[in-house]
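Trainee: sequence-free structure coming up:
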Ligand code: UD1
């Protein structure tokens, strides 16, 4: 008997989540000759730059996508609409038993809606996360996907509880742990072999002409990509000025820059100031191993990324989360994690930044963040098939 799965990826964080799932399928097939799983990998093409997409496939050993829908950039309606139109054709041709979606990007929403309208079962890996913030496009994606999914695989018990509160039937919810941590476990050793000076040299923005000297024990890392942080001048400019005027007095700031943030630096006339600052190392988007290497040694992380919040938690890196809310409360200090929500108010960021300067690395492992989540995801699917 063959079970046919279509798994979907679209944007950078999806690649990190799908890698261990595909590995688990391959291992299952080796040991279960009587029941094979056929997996077709579909890339919607939302992220398309080599550094935002192909590089992750290579370094995480993800097979090349069987089909790339090539939707590219655009408004949310454009991305979701074009993905649905193209994905429907894939489903008509391949008729899978399951569509597996991960995370909360536009691909997750578009493909779960398309599959469900064709009566194809949907499994959502990383179900039940809720920020409560309906201004976040990802929250809308999460709510719709979870409402439609037949199998909801949650990363922590808080997420399972969120689903119960929304009335999801108990037999659809399976607490499997965090699949991102499978990838972290499988790649940490390799990441730690990277040399930080080399890493920086290989990733500097092309027109950088500063010779950086990094003290391996005294650098900070920042990533920013949420529209709520980078799109508005009122929020973005004071934040960058805080980094320039205050944080760089304590640390060299390593900043692998997302295309959205890069556009904003240029739009708000900050590009030259940041580029010429010898205490800010502006890099192109970096690879998975590279980010893990930096995170492992950083004194502090400033980020608005959910995935980094989780990785900081396991590595113990003190993390200032530049958001007012989080769908990942398990990573917060009050739940035993390392992250503090600081929003985008400079007073608050400064206060928590100063508190954090004195704090040490305290790694923490929420339940089932044990590197074996992908296996549990696959078994959950097989069990209901
Ligand atoms: C998307 C996800 C977000 C995720 C993030 C990770 C949604 C709604 N958002 O946001 O949840 O945390 O990915 O990065 O799905 N661009 C490039 N090259 C690329 C891709 C994008 O230059 O390969 C530029 C384009 O100008 C594009 C902009 O980045 O308009 C934003 O990209 P988009 O895919 O719309 O959203 P992200 O901000 O990356």
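Mentor: Yep, it's here. Owing to the predicted nature of the structure, the values given are computational and were not obtained by experimental measurement.

Trainee: Which parts of the stretch 51-200 of the chain are helices?
Mentor: Shown for the stretch 51-200 of the chain, the helices assigned by DSSP state H, counting those that start in this stretch span residues 54-59, 76-94, 106-117, 137-148, 157-165, 179-192, 196-203.

Trainee: What residues of the first one count as buried?
Mentor: Read it as helix 54-59. Going by neighbour count (16 or more other Cβ atoms under 10 Å), the buried part of helix 54-59 is 54, 55, 56, 57, 59. For every residue, glycine as well, the C-beta is placed using N, CA and C.

Trainee: What lies in contact with that helix?
Mentor: For helix 54-59, contacts defined as Cβ atoms under 8 Å, 6 or more residues apart in numbering pick out 12, 15, 16, 62, 63, 64, 65, 287, 288, 289.

Trainee: What is the burial count for the closest residue to residue 91 other than its chain neighbours?
Mentor: Among residues not flanking residue 91 along the chain, residue 118 sits closest, at 5.4 Å (Cβ to Cβ, 6 or more residues apart in numbering). A count of neighbours around residue 118, defined by other Cβ atoms under 10 Å, yields 14.

Trainee: just the one 10 residues further on next, same as before
Mentor: Counted with other Cβ under 10 Å, the burial measure for residue 128 works out to 26 neighbours.

Trainee: can you check the one 3 residues further on too?
Mentor: Applying the criterion other Cβ under 10 Å, we find 19 residues in the vicinity of residue 131.

Trainee: thought it was touching residue 321?
Mentor: No - using Cβ atoms under 8 Å, residue 131 is not in contact with residue 321; the gap is 11.2 Å.

Trainee: Now do the shared contacts for those two.
Mentor: Counting by Cβ under 8 Å, 6+ apart, nothing touches both residue 131 and residue 321.

Trainee: List the residues that contact the nearest residue to residue 361 once chain neighbours are set aside.
Mentor: For residue 361, the nearest residue in space outside its immediate sequence neighbours is residue 316; the separation is 3.6 Å by Cβ to Cβ, 6+ apart. With contact taken as Cβ under 8 Å, 6+ apart, residue 316 is in contact with 338, 361, 362, 363, 364.

Trainee: go on, residue 99?
Mentor: Per Cβ under 8 Å, 6+ apart, neighbours of residue 99: 5, 6, 7, 8, 91, 111, 112, 115, 120, 121, 122, 123.

Trainee: quick one: pLDDT of it?
Mentor: For residue 99, the model assigns a pLDDT of 98.

Trainee: what about residue 24, how many neighbours?
Mentor: Using other Cβ under 10 Å, the number of residues around residue 24 comes to 21.

Trainee: List the contacts of the one helix or strand it maps to.
Mentor: According to DSSP states H and E, residue 24 maps onto helix 12-31. By Cβ under 8 Å, 6+ apart, the residues outside helix 12-31 that reach it are 5, 7-9, 36-37, 39, 41, 47, 52-53, 56-57, 60-63, 100, 102-103, 105, 107-108, 125-126, 179-180, 182-183, 186, 285, 288, 305-307, 373-375, 377-378.
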